[in-house]
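Student: What would the 3D arrangement of this be:
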Amino acid sequence: MGVRHILYGVNGSPYSIKVRAILRYRRIPFDWVQTFPYTEPERWHVRPLVLPIFERGDDGSQHVDSTPLAQVLEAEDGGARSIYPDDAGQRFLALLLEDFADEWLTKPIFWYRWAREPDISHAREWLSREVNPGASRAELDAFGAAFQERQISRMPLVGCTPENEPLIEASFLATMDAMTASTEDGRWLFGTRPSVADFALYGMLRQLATDPTPRDILLARQPALRDWLDRTDDASGIDGAWSPADAPLSDTVTALLHHSGAVYAPFLLANEAAVAAGESEFTVALEGHDFSQTSFPYQVKCLTILRREWGDLNGEVRAQLTPLLEDAGWLPAIQGNN
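Tutor: Numbers count the residues shown, from 1 in each chain. Model prediction:
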């Protein structure tokens, strides 16, 4: 019997279900264990203590952070089930859109889930029951109240405030609209097989398709997206192919690049400047809105990695992508001071 790993997470965590879907597609044997690790920190030695936690079956080591985890698994055994396009240009765009999904689309999730009823009650009950099977009503209420308080207290840190509501909700709608072409023709972003960017978008959009308010919006505005989410949740039976390197980018990729270039790219630059200046908060104009939140060194790291990936591309590929990224608004962030 081969090595079997363990993935610790919860269905309410976009990163947990992102990694789970990747493991399913890659046909990597694993067991899914639902848990909130911070309720029993003595069991875990990983830092930061975040979801999901991937425990290797060969040596028992524990790992977090979905992006590097996916890349480690790829380096070990990418093979025919790779989630990174063969074409270098497409691969870079997949990494860029993965980062947009992972780091920006958490804002609509957090906002819709914890801003108002009935979403707050739904999330509190759902997540309490998920990680406390068999608990009494009193135990569920105590856990739910503590968890709700924890999550709501963190909303201003990530910019999920009433002042930022118009931009956050508009970004959710723009992302859904960008997905139209892929969801209606049954494709993924870079062909007939899913990429790492598809899995990142899946993790975020599945959450929004679960909570009451964004679920109703999604089903009314983009019903085909629900089917796309179901296909991506378990694509273990999909083979498919990458789009040819010389094929035009899909309308979905182009639309996502333009939306992320309008909101996430300038957000990254403003955050980077704030961290460099030692400022704890920053405000940046995005799509006609003044967006304010706490500055985060981790997102400076994300931008640094994207710039490194950009620099590692050969000159011909960069030349091919430059007009596209300039038109989408991404070039200043990707090039940095170079």
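
Student: Distance-wise, check L49 relative to G9.
Tutor: As defined by Cβ to Cβ, to the nearest Å, L49 lies at a distance of 13 Å from G9. Quick note: C-beta positions are derived from backbone N, CA and C, even for glycine.

Student: Comparing these two, which residue is more hemmed in?
Tutor: Higher neighbour count among L49 and G9: G9, with 25 against 13, using other Cβ atoms under 10 Å.

Student: Which residue lies nearest the spatial centre of the protein?
Tutor: Residue closest to the mean C-alpha point of the chain, counted by Cα atoms, centre = their mean, is D102 at 2.7 Å.

Student: Quick one, grab the pLDDT at the spatially closest residue to that residue that is not a sequence neighbour.
Tutor: Taking Cβ to Cβ, 6 or more residues apart in numbering as the measure, D102 lies nearest to A200, with 5.3 Å between them; neighbours along the chain are not counted. Reading off the confidence values, A200 has pLDDT 98.

Student: secondary structure element for A200?
Tutor: Secondary structure assignment for A200, by DSSP states H and E: helix 196-208.

Student: Please compute how far stretch 147-155 lies from its chain's middle.
Tutor: On the basis of Cα atoms, centre = their mean, to the nearest Å, stretch 147-155 sits 20 Å off its chain's mean C-alpha point.

Student: that older thread, mind giving me the packing neighbours of the helix or strand just after the helix holding A200?
Tutor: Following helix 196-208 in sequence order, the next helix or strand is helix 212-221 (DSSP H and E). Contact analysis of helix 212-221 by 3 or more Cβ pairs under 8 Å, 6 or more residues apart in numbering; DSSP states H and E lists helix 106-114, helix 119-131, helix 165-178, helix 196-208, helix 224-233 as its packing neighbours.

Student: ok, now with 7 Å
Tutor: Applying 3 or more Cβ pairs under 7 Å, 6 or more residues apart in numbering; DSSP states H and E, we find helix 212-221 packed against helix 106-114, helix 119-131, helix 165-178.

Student: Tell me the buried residues in it?
Tutor: For helix 212-221, the neighbour count (16 or more other Cβ atoms under 10 Å) marks P212, T213, P214, R215, I217, L218 as buried.

Student: what comes into contact with that helix?
Tutor: P108, Y112, P118, D119, H122, F172, M176, L208, A209, L225, R226 (Cβ atoms under 7 Å, 6 or more residues apart in numbering).

Student: export those residues to JSON lines and tack on pLDDT and neighbour count?
Tutor: Listed next are those as JSON lines, based on pLDDT from 0 to 100; neighbours: other Cβ atoms under 10 Å:
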{"residue": "P108", "pLDDT": "98", "neighbour count": "25"}
{"residue": "Y112", "pLDDT": "98", "neighbour count": "23"}
{"residue": "P118", "pLDDT": "97", "neighbour count": "10"}
{"residue": "D119", "pLDDT": "98", "neighbour count": "19"}
{"residue": "H122", "pLDDT": "98", "neighbour count": "16"}
{"residue": "F172", "pLDDT": "98", "neighbour count": "23"}
{"residue": "M176", "pLDDT": "96", "neighbour count": "20"}
{"residue": "L208", "pLDDT": "98", "neighbour count": "23"}
{"residue": "A209", "pLDDT": "98", "neighbour count": "21"}
{"residue": "L225", "pLDDT": "95", "neighbour count": "23"}
{"residue": "R226", "pLDDT": "94", "neighbour count": "15"}
